[in-house]
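J.: what follows is a predicted structure for the sequence shown.
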Amino acid sequence: MVCRGVMFLGLIWFLTAPVELMADEAPARPNVLLIMSDDLNTALSGFGHPQCKTPNLDRLARRGVSFHRMYCQFPVCGASRSSMMNGLYPYSTGDLQNTTIFRKYRPKAVTLPQLFLNNGYYVARVGKIYHMGIPQEVIDGTAIADDPQSWGETYNIQCGEQNLPGKTIQHSPGWKASQTFQRVEATDGDLAMADGLAATKTIELMKKHREEPFFIACGFVRPHVPLVAPEAYFRMYPEQEMVLPEVPADDLEDVGQPTKTYKTNESLKITTEQMPGILSAYYGCVSHMDFQVGRLLDALDELDLKQKTLVVFTSDHGYHLGEHHKWQKQHLFEETTRVPFIFSAPWLSKFHGKSTQHMCELIDLYPTVSSLCQLSPPKYIQGKSMVPILNDVETDLWTKDTVFSVSTRKGASLRNGSYRYTEWAQGAKGTELYDLKNDPGEFVNVADRPEYRSVREDLANQMKKKRKSASSELGVK
């Protein structure tokens, strides 16, 4: 009788145990929440940044695995996003700039969200996932370069951006073109900002569709310029406390011509005195965006969706904030090609809160998400499933030895564990080689040094092969 009683109580405990205790059991059709930031580098406190505060992304990192060596395939918004959503290198999507529509080159492509749509999921986009012109398309409430075939429903965010009421400061007054570092200390609160509106709509959709499997992509626009956020976030980062990057005065004397001249302190007329204000405004916008991530995580908890929702957070590319005397994107250094990446699969909990140093690429997102949701991606995709890393952050089963990024002005960069090798116009406009073990800041170009000749020749051959393999017959040559 006692044994039967124990067995009965055990059965009651098993049937009524909290879902968290069964976290290793994958749901049959997991939800996917893809969260993207815009123009965000690795300025996250959980990625070791000494000043920028991102407590909610740190919370997500505790729920998943942080990828500290994740690289984009094109450090500009449109091309990077098309590459990631297709699981293909930019040479194969045909999208090599912001204004290209990849369907022109790949009309029959099946994108990541489209795969879920084809398999009965509710699929929606909120805000910026494919390219949008910021700030104008937020002001207009449009998304001209979106891919309608990817979504069941779409929701564009409309907001005043730099026209919102508040104090305005121009941190780059000598720069007369677009993309200036304009700070707007808005008097309105979080919920009136573009990213606040995006988070609110995403929460609404998760609540409405919580009884069916969903794939919802939430695209935030901060910290993309203009640097708009409620004024309280800027007060978190007093200008006099900002730590500027340490850069050798002659850093750009030994680089290729495109690297030497594009978006430098000199060409943008940004002075040392203006730099603290730019950093302060950028970090303030990152913290504002981070707050919206927290709202999404809270909603998953409140709606009892946490245990059956796969959450991914990333950015489209990195961003220069004065490193190498350079600013913003399109460059081929570590700061612009490396992106933050956090992957949370609640049922793969053994390594939650851990990070991995395995090199990965944004094109690897597609096969990873589809695999975990038991969907078969197209055979032509060029990414590789990162599930082995989620099962063991130090696994020996992951064998990606190089990552590959390209940029405008015909630039291409190959990075392995020891070196970064960059060619401009296949070397016609310059070649760069950096010894990352002795020069992690990528300050000294050793491409022409005799002692690195064999290394350069080997990487040049690898680059040639990579260019060919990254230009599949399904895309453009």
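T.: On my side now, so go ahead.
J.: list the buried residues in stretch 155-166.
T.: Tyr155, Asn156, Ile157, Cys159, Gly160, Glu161, Gln162, Leu164, Gly166 (16 or more other C-beta atoms under 10 Å). Placement of C-beta: from N, CA and C, glycine included.
J.: turn these into TSV, including pLDDT.
T.: As requested, these are exported to TSV (pLDDT from 0 to 100):
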residue	pLDDT
Tyr155	98
Asn156	98
Ile157	98
Cys159	96
Gly160	96
Glu161	97
Gln162	95
Leu164	97
Gly166	97
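J.: pick the one among those residues closest to Phe220.
T.: Ile157 (9.4 Å; C-beta to C-beta).
J.: and that closest one, how far from Pro367?
T.: Distance of Ile157 to Pro367, given as C-beta to C-beta, to the nearest Å: 30 Å.
J.: and the helices in the stretch 351-477 of the chain?
T.: Taking DSSP state H, counting those that start in this stretch as the criterion, the stretch 351-477 of the chain contains helices spanning 365-372, 387-391, 453-469.
J.: distance across stretch 262-282, terminal residue to terminal residue?
T.: From its first residue to its last, stretch 262-282 covers 21 Å (C-alpha to C-alpha, to the nearest Å).
J.: do you know the pLDDT at Lys260?
T.: You'll see Lys260 listed with a pLDDT of 90.
J.: quick one: pLDDT of the residue most central in space within the chain?
T.: Nearest to the mean C-alpha position of the chain, by C-alpha atoms, centre = their mean, lies Ser315 at 1.7 Å. With respect to pLDDT, Ser315 has a value of 98.
J.: list the contacts of it.
T.: Met36, Ser37, Asp38, Asp39, Leu40, Asn41, Cys72, Val339, Pro340 (C-beta atoms under 8 Å, 6 or more residues apart in numbering).
J.: now do the contacts for Val286.
T.: Contact partners of Val286, counting by C-beta under 8 Å, 6+ apart, are Ser37, Leu40, Ala43, Leu44, Cys52, Thr54, Arg222, Pro223.
J.: before we move on, what about Gln170?
T.: Gln170 is in contact with Thr180, Phe181, Gln182, Arg183, counting by C-beta under 8 Å, 6+ apart.
J.: which ones among those residues map onto strands?
T.: Gln182, Arg183 (DSSP state E).
J.: pLDDT, neighbour count and distance to Val393 for the contacts of Gln170 - can I get that in a markdown table?
T.: Putting these into a markdown table (pLDDT from 0 to 100; neighbours: other C-beta atoms under 10 Å; distance: C-beta to C-beta, whole Å) gives the following:
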| residue | pLDDT | neighbour count | distance to Val393 |
| --- | --- | --- | --- |
| Thr180 | 93 | 18 | 40 |
| Phe181 | 96 | 25 | 37 |
| Gln182 | 96 | 19 | 40 |
| Arg183 | 97 | 25 | 38 |
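J.: now render the contacts of Gln170 as JSON lines, adding distance to Arg456.
T.: What follows is these, written out as JSON lines (distance: C-beta to C-beta, whole Å):
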{"residue": "Thr180", "distance to Arg456": "38"}
{"residue": "Phe181", "distance to Arg456": "37"}
{"residue": "Gln182", "distance to Arg456": "42"}
{"residue": "Arg183", "distance to Arg456": "43"}
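J.: for the contacts of Gln170, which one is nearest Pro388?
T.: Phe181 (41.0 Å).
J.: quick check, pLDDT for Val387.
T.: Confidence at Val387, expressed as pLDDT, is 97.
J.: that one reaches Cys373, doesn't it?
T.: No - assessed by C-beta atoms under 8 Å, Val387 is found out of contact with Cys373, at 11.2 Å.
J.: compare the two (neighbour count), which wins?
T.: Cys373 (22 against 18; other C-beta atoms under 10 Å).
J.: ramachandran angles for the more buried one?
T.: phi -100, psi 10 (degrees, to the nearest 10).
J.: doesn't Phe116 make contact with it?
T.: Yes - using C-beta under 8 Å, Cys373 is in contact with Phe116, at 7.3 Å.
J.: shared neighbours, the two?
T.: In contact with both Cys373 and Phe116: Val32, using C-beta under 8 Å, 6+ apart.
J.: quick revisit: among the contacts of Ser315, which lie within strands?
T.: Under the assignment DSSP E, the contacts of Ser315 contribute Met36, Ser37, Val339 to strands.
J.: sec struct for Ala229, please.
T.: Using DSSP: H, G, I helix; E, B strand; the rest coil, the structure places Ala229 in strand.
J.: count the residues that sit near it.
T.: The tally of other residues near Ala229 (other C-beta under 10 Å) stands at 29.
J.: looking at the ones in strands among the contacts of Ser315, which has the most residues close by?
T.: Neighbour max across the ones in strands among the contacts of Ser315 (other C-beta under 10 Å) = Ser37, 28 neighbours.
J.: quick check: that residue touching Ser287?
T.: No - using C-beta under 8 Å, Ser37 is not in contact with Ser287; the gap is 11.8 Å.
J.: biggest helix in this structure by residues?
T.: Secondary structure of the chain per DSSP state H: the longest helix is helix 275-302.
J.: what's the closest non-adjacent residue to Gly196?
T.: In space, and not counting its chain neighbours, Gly196 is closest to Asp190: 4.3 Å by C-beta to C-beta, 6 or more residues apart in numbering.
J.: in the chain, what helix or strand scores lowest on average pLDDT?
T.: Within the chain, confidence by mean pLDDT, DSSP states H and E is lowest for helix 2-16 among all helices and strands, at a mean of 34.
J.: got a list of what the nearest residue to Arg415 once chain neighbours are set aside touches?
T.: Nearest residue to Arg415, sequence neighbours excluded (C-beta to C-beta, 6+ apart): Val403, at 5.1 Å. Taking C-beta under 8 Å, 6+ apart, we find Val403 in contact with Arg69, Tyr71, Thr337, Met359, Cys360, Glu361, Leu414, Arg415.
J.: do a quick rundown of the strands in the stretch 1-150 of the chain.
T.: Applying DSSP state E, counting those that start in this stretch to the stretch 1-150 of the chain gives strands spanning 31-37, 65-67, 70-71, 122-127.
J.: and of these, who's closest to Leu297?
T.: strand 31-37 (9.3 Å).
J.: list the beta-bridge partners for Arg415.
T.: Using DSSP bridges, the bridge partners assigned to Arg415 are Val403, Arg420.
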